[in-house]
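*Asks:* got a predicted structure here, sequence first:
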Amino acid sequence: LIGYADLLLRRAQRDGQLPERDQRAVRIISDQAGRLNRLIAALLDLSRIETGQLSIERGEVALSALVDRLVRETQATLQTHHQLAWDLPDEPLTVSGDELRVEQVVQNLIQNAIKYSPAGGTITVRLARDGEWARLLVSDEGIGIPEQALPNLFKRFYRAPNTDEHHISGMGVGLFVVREIVQLHGGDIHVESTEGKGTTVTLLLPLMSSTELGQA
């Protein structure tokens with residue numbers, strides 16, 4: 001579905017023969033197919049976690065380059081009422097992990113920040129060294145999370161009560177899967193939020209030592 005929808009869009013942009021109304025319809029098909037794909041992937045990950053089959057394939061992951069790429073890809077797709085600001089170090093901040101899974105985590109945090117900021121605002125991504133850890137902060141100026149909901153955020157199928165008020169859809173699986181992936185990498189994740197003002201998610205991943213890098 002996604003492939004054919006994208007093909008139609010490229011043809012429409014190249015030939016200029018498809019009316020704007022129809023182009024908008026194809027974009028909706030592509031967006032909804034992508035959403036369905038993400039839901040399926042989340043449910044598969046949930047099944048793997050429940051059966052103890054979620055695993056990672058470790059390798060060197062240059063976290064700075066990975067975050068930089070994801071931020072720039074997101075920047076290119078942002079709507080006008082969102083702004084993206086980022087602060088990344090020059091050093092690679094190498095971690096031992098599964099690059100696809102680390103990308104999944106970072107992508108989830110950035111997309112959540114956008115999703116839960118329906119009125120727009122600035123999404124800020126900061127990556128820095130913190131001793132023997134890589135510290136990634138993703139902040140938004142969105143709807144925030146009620147204080148009583150914070151302890152439950154990483155529970156399976158849990159959604160904060162104010163999401164319904166703002167008509168934000170979801171299954172409450174993403175952060176549950178994210179935490180499992182982070183823990184498999186020996187890391188940690190926590191959330192700070194004020195309802196009505198925004199949320200900051202902090203991700204910590206252990207950096208590879210110079211000895212480990214030399215042996216890899």
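*Replies:* The structure has been received and is ready for your questions.
*Asks:* so where's this structure shaky on pLDDT?
*Replies:* 214-216 (pLDDT under 70).
*Asks:* backbone phi and psi for T77, please?
*Replies:* When quoted as degrees, to the nearest 10, the phi and psi of T77 stand at phi -110, psi 0.
*Asks:* what about it, how many residues nearby?
*Replies:* Number of residues near T77 (other CB atoms under 10 Å) recorded here: 8. C-beta here means a position set from N, CA and C on the backbone, and glycine is covered the same way.
*Asks:* and what of R69?
*Replies:* 13.
*Asks:* for the residue nearest to S209 when sequence neighbours are not counted, give its distance to Q83.
*Replies:* Distance criterion CB to CB, 6 or more residues apart in numbering; nearest residue to S209, sequence neighbours excluded, is E132 at 7.6 Å. Separation of E132 from Q83 (CB to CB, to the nearest Å): 33 Å.
*Asks:* over to E73?
*Replies:* Note on E73: its distance to Q83, by CB to CB, is 16 Å.
*Asks:* and the helices in the chain, which stretches?
*Replies:* Per DSSP state H, the chain carries helices over the ranges 2-15, 20-50, 63-75, 99-115, 162-165, 174-184, 210-215.
*Asks:* Q148 is nearest to which of those helices?
*Replies:* The closest of the helices of the chain to Q148 is helix 162-165. By CB to CB, the value is 10.9 Å.
*Asks:* and the contacts of the closest one?
*Replies:* Helix 162-165 has contacts (CB atoms under 8 Å, 6 or more residues apart in numbering) with 116, 143-146, 149, 170, 195.
*Asks:* same thing with stretch 34-51?
*Replies:* Against stretch 34-51 from outside (CB under 8 Å, 6+ apart): 1-2, 54, 156, 171, 173-174, 176-177, 180.
*Asks:* thanks a lot, see you next time.
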